[in-house]
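J.: need a 3D model of the sequence below.
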Amino acid sequence: MKASALIVLGVLAAASCAAPPPPSPIPRSAPPSARAQPPPAAEPGSRSWWECVPYARQKSGIQLRGEAWTWWSQAKAKYQRGPEPRSGAVLVFQPFKGARLGHVAVVTQVLTDRIVLVSHANWGGSRGKIEEGVTMVDVSPAGDWSRVKVWYKPAGNLGGSVYPTYGFIYPTPVRSVETGVPHVEGGSSGRGGARPGGSDG
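T.: Residues are numbered from 1 along each chain as shown. This is a model prediction of the structure:
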């Protein structure tokens, strides 16, 4: 009797070890679209830490370099700029507390004139990671996207912080008035600065 009970217990223990573990629950602190995503498979090599600048350049095709906040002035003679959100445009953040190099985010979908979805890297609770489908809301009094709120993943909401921005850079080159030929040049490189912050790191 004792021996058969031990055999039964041994079989049950072996079966429980062989069973696959239950799937881990999906955190409910943020919508699925705002959760951190792995780097795109097309990126050569394995990259474990992403800065916002190289990611925005790769995602948008806008060929600018250096610290994120400098993209606005760099783009002046190279790309069209403006206050209206468009899919594929890059929103340039001014330097702010916690990110003295500014930040850049790529618009992936315009939901309304004051709400967009963006993809960006190295933001908030997802340091060094890519987030896709992140909600961003224009809270500026004039509706010109000069002040925004961004979905904050750890809190599961837009949070209380308001961030200053310069505007949107569109992936359309500025055309020379004389020739009508697109005028696009490589941006100036700029490295260094504290993390977090947007730069070619």
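
J.: now do the longest strand seen in the chain: which elements does it pack against?
T.: Longest strand in the chain, counting residues (DSSP state E): strand 126-138. With contacts defined as 3 or more CB pairs under 8 Å, 6 or more residues apart in numbering; DSSP states H and E, strand 126-138 has these neighbours: strand 36-37, strand 103-112, strand 115-123, strand 147-150. Just so you know, the C-beta spots here come from the backbone N, C-alpha and C atoms, and that holds for glycine as well.

J.: what lines up beside it in the sheet?
T.: Note on strand 126-138: by DSSP bridges, its sheet partners are strand 36-37 (antiparallel), strand 115-123 (antiparallel), strand 147-150 (antiparallel).

J.: so which of the ones you listed is nearest residue 53?
T.: For the strands paired with strand 126-138, proximity to residue 53 was assessed by CB to CB; strand 115-123 is nearest, at 8.6 Å.

J.: mind saving the C-alpha coords of that closest one as PDB?
T.: Coordinates of each C-alpha in strand 115-123 appear next as PDB, following Å, rounded to 0.1, in the frame of the first residue of the first chain:
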ATOM      1  CA  ILE A 115      -4.400  63.400 -31.000                       C
ATOM      2  CA  VAL A 116      -1.800  61.200 -32.700                       C
ATOM      3  CA  LEU A 117      -0.100  57.900 -32.200                       C
ATOM      4  CA  VAL A 118       3.700  57.900 -32.300                       C
ATOM      5  CA  SER A 119       6.600  55.500 -32.300                       C
ATOM      6  CA  HIS A 120       9.700  56.600 -30.300                       C
ATOM      7  CA  ALA A 121      12.600  55.200 -28.300                       C
ATOM      8  CA  ASN A 122      14.100  55.900 -24.800                       C
ATOM      9  CA  TRP A 123      11.100  57.500 -23.200                       C
END
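
J.: give me the element residue 50 is part of.
T.: Using DSSP states H and E, residue 50 maps to neither a helix nor a strand.

J.: which residue comes closest to it once chain neighbours are left out?
T.: Spatially, and ignoring its direct neighbours in sequence, residue 50 is nearest to residue 121 (3.8 Å; CB to CB, 6 or more residues apart in numbering).

J.: do residue 90 as well
T.: Using CB to CB, 6+ apart and skipping the chain neighbours, the partner closest in space to residue 90 is residue 169 (4.7 Å).
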